[in-house]
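Colleague: Give the three-dimensional model of this entry:
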Amino acid sequence: MRNCFFSLVQSSYFRPESDVWRDHLMKDLKQSSKSTFLWILALTILFETLTCFLRFGLDLQSTRDTSMLRSLTFGFRIHHGYVGVIMVLLSLLLPAQLAKVRTWVFRIGMALVLSDLAHHFLVLWPITGDPKFDLLYPN
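Modeller: Residues are numbered from 1 along each chain as shown. As a prediction, this is how the structure comes out:
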């Protein structure tokens with residue numbers, strides 16, 4: 001009888017509300033972190049596959065094939081990783097009411113950043129011998 005009483009007191013039914021909420025929140029965060037990591041990994045692979053197809057399958061080179069944008073970007077090359085950084089920063093500014101949107105903006109932004117870094121330093125550099133990470137369009 002005594003063991004039954006102590007196990008009932010130690011159960012979540014008698015714990016303060018903040019402890020139950022904290023445990024629930026931590027469980028959600030752990031699941032969310034794993035899910036977010038897996039989504040970022042999957043999206044990174046998808047974006048990099050598309051980038052490699054455009055680069056090697058269609059022989060497109062952004063410095064060569066987008067040079068007409070030079071005047072619109074003040075001579076700066078726009079890498080998809082830059083768009084990703086902006087998206088990650090934007091996700092930090094979105095209100096809590098848009099939690100799902102904020103999560104997806106963060107996931108896509110991080111995947112774009114990682115895809116750009118992987119493309120230049122893990123794909124282009126070993127294959128072509130040059131990471132081709134141009135900050136400016138060549139003159």
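
Colleague: Show the contacting residues for the residue nearest the centre of the chain.
Modeller: Residue closest to the mean C-alpha point of the chain, counted by C-alpha atoms, centre = their mean, is Met110 at 2.0 Å. Counting by C-beta atoms under 8 Å, 6 or more residues apart in numbering, Met110 makes contact with Ile40, Thr44, Gly84, Val88. The way it works is simple: take the backbone N, C-alpha and C, and place the C-beta from them, glycine included.

Colleague: With His79 instead?
Modeller: His79 neighbours (C-beta under 8 Å, 6+ apart): Ser62, Asp116, His120, Phe133.

Colleague: which of those has the most neighbours?
Modeller: With neighbours defined as other C-beta atoms under 10 Å, the most crowded of those is Asp116; it has 22 neighbours.

Colleague: picking up where we left off before, so the residue nearest to the centre of the chain sits in a helix?
Modeller: Yes. Looking at Met110 with DSSP: H, G, I helix; E, B strand; the rest coil, it is inside a helix.

Colleague: Now do it against Ile86, distance only.
Modeller: According to C-beta to C-beta, to the nearest Å, Met110 and Ile86 sit 12 Å apart.

Colleague: Right, I'll leave it there.
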